[in-house]
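Asks: starting from these lines, generate the structure:
(chains A, B and C)
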Amino acid sequence: MRKESFDYKVLELVKKIPEGRVATYGGIAGALDTKAYRAVGQALKRNKNPVRVPCHRVICSDGKIGGYCGKGIKNVRMKYSLLMKEGIEIEQGRVDLKKFIHRF
DNA sequence: TCTTTACTCAAGG
DNA sequence: CCTTGAGTAAAGA
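Replies: Purely as a prediction, here's the structure:
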């Protein structure tokens, strides 16, 4: 995978998400002029680059986390923790999208 | 070429 | 609340 690649673009976009904000998979897809919501998640999963790319800031359009690093609930929990740490409020397993969504 | 996928929306139960 | 089904596009085998 190199630059110009779809997933590379996704990563670049995710890196641009400021702290205290989140983005949705759909939003990222829209920013890339595509409707491939799934491909966005795919790119993150394959790369799964928690250092360079803050994957935890990318969530579902419902405010749900969706998934994180493939496995069950542990990773998701960590993701929630990270989000809360950045100032994002979480209610009953959901992020308040209305307040914290970041639009590109 | 076919399958899988961290998605999303709409509809039905 | 849940499950399907359709729509979509990239990576992997």
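Asks: close to DNA strand C, is stretch A:80-96?
Replies: No: Stretch A:80-96 does not reach DNA strand C (C-beta under 7 Å from any atom of the strand); its nearest approach is 8.6 Å. Yep, even glycine has a C-beta here, placed from its N, CA and C like the rest.
Asks: what comes into contact with that stretch?
Replies: Among residues not part of stretch A:80-96, those counted as contacts by C-beta atoms under 8 Å, 6 or more residues apart in numbering are A:19-22, A:54, A:56-57, A:59, A:62-65, A:99-100.
Asks: could you list the buried residues of it?
Replies: Residues of stretch A:80-96 classed as buried by neighbour count (16 or more other C-beta atoms under 10 Å): A:80, A:82-83, A:86, A:88, A:90, A:95.
Asks: quick one on the thing from earlier: closest one to DNA strand B out of the contacts of stretch A:80-96, please.
Replies: Closest approach to DNA strand B among the contacts of stretch A:80-96 (C-beta to the nearest atom of the strand): A:Asp62, at 6.1 Å.
Asks: residues contacting the closest one?
Replies: When contacts are counted by C-beta under 8 Å, 6+ apart, A:Asp62 touches A:94, A:97.
Asks: separation between it and A:Ser5?
Replies: Taking C-beta to C-beta, to the nearest Å as the criterion, A:Asp62 is separated from A:Ser5 by 28 Å.
Asks: re earlier: nearest to A:Lys48 among the buried residues of stretch A:80-96?
Replies: A:Lys48 lies nearest to A:Leu82 out of the buried residues of stretch A:80-96, by C-beta to C-beta, at 14.6 Å.
Asks: where do the helices sit along chain A?
Replies: Along chain A, the segments classed as helices by DSSP state H run A:6-15, A:25-31, A:37-47, A:73-85, A:97-100.
Asks: if you average pLDDT over each of those, which comes out lowest?
Replies: Confidence, taken as mean pLDDT, is least for helix A:73-85 of the helices of chain A (a mean of 86).
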